[in-house]
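# next comes the sequence, and after it the predicted model I'd like to discuss.
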Amino acid sequence: LGMAVTMSLVAQDKQKTKVVLYKDRLNAAFDTVDCVKNVIKLNAFSFFRGEFPVYYERAITHDVSVELGVGITFRNYISLPWDGDDVDEFSAGTEIKIGPSVHAGFRYYFLDDLEPQGAYLHLDFAHLEYIKDIREKDAEGELTDVRHRDQRTYNDLRLLAGYQLLGATSNWLFDFYGGIGLRDRNMQVVNETLNLVDDQWSYDTELIDDVVPALYMGVK
C-alpha cells in the first residue's frame, strides 16, 4: 500500500511538472517565435445597430490579450426596445448626428497556442452615444427650424464567449462571439405626437436613467 501511494504521488508530480514545463516552453516561444500578436478587426454586424468600430487586439501572453476599439455611431436599423435601441426614421424631420463609440476589454483563450485563437472568454466595457435632432412640424405639417435633441448614452459591461479562428495560409481571421451584459442607460428621448382632434404636433422629452440587461452577438 505504501509503495502504491508513493508511486501515485510520483506520477502526479511528473504530470504537474510536464504541464509546468509545457507552459514555460509556450511562454518562452511566445517571446521568441515570429507569430501573430497584433490584429485589426471590423465588426460585420454592428453596422445594423448604427455602430462602426475598428478594433485592435494585442496578445500579451500566449493565452491573454487586450482589445481596444474606437469608432462612431450613426443610423440604427434594428429595434431592440429592452435595451433602448429604436429604429431611426428616414424622414427629413429626423437628422442623425455622429456620436462616439469606445471599447476596452481583456480576453482569455482556453487553447494553448502561440497565437490568439480558439475558444475564449472576454470581459468588455463599451461606451456608446446615439444622437439625433427631431425637427418640429407646424400646423400644416411642414418642418420648422426648431429642433429637439434626442441623445442616448450607454455604458455597457459585457461578458462574451466566442471562438477566434486564424487562417491556415493567410493572416485573415474570423471572430464569432455572443454574450450577456448590463447596460447603464442615460437617455433623453424625444416623443413626437400628432393630436388627431386639432391636427397639432406636440413634442415632449422623456428622461431615462437606469440599468437593464442586454444581449450581444456578432462576427468580426
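The structure has been received and is ready for your questions. Residues are numbered from 1 along each chain as shown.

# for whichever strand or helix holds Ser65, which outside residues touch it?
Following DSSP states H and E, one finds Ser65 within strand 64-73. The contact list for strand 64-73, computed with CB atoms under 8 Å, 6 or more residues apart in numbering, reads 50-60, 98-109, 116, 122, 124, 126, 128-131. Using the backbone N, CA and C atoms, a C-beta is placed for each residue, glycine as well.

# my guess is Val212 contacts Arg185, does it?
Yes. Under the criterion of CB atoms under 8 Å, Val212 makes contact with Arg185 at 6.3 Å.

# which one's more surrounded, these two?
Arg185 (18 against 14; other CB atoms under 10 Å).

# pLDDT below threshold where in the chain?
Scanning the chain with the threshold set as pLDDT under 70 gives 1-34, 81-84.

# show me the helices in it, by range?
Assigned by DSSP state H, the chain shows helices spanning 2-32.

# got the residue ranges for the strands in it?
Counting by DSSP state E, the chain has strands at residues 38-42, 51-59, 64-73, 94-97, 99-109, 118-137, 143-166, 173-195, 200-219.

# for Leu80, which of those strands is the nearest?
Nearest to Leu80, of all these, is strand 200-219, at 8.1 Å by CB to CB.

# so how far is Val70 from the nearest residue to Gly179 once chain neighbours are set aside?
Excluding its sequence neighbours, the residue lying closest to Gly179 (CB to CB, 6 or more residues apart in numbering) is Leu160, at 3.5 Å. Leu160 sits 18 Å away from Val70, going by CB to CB, to the nearest Å.

# with neighbour numbers in mind, choose between the two.
Legend: neighbour count by other CB under 10 Å for Leu160 and Val70, higher for Leu160 (19 against 13).
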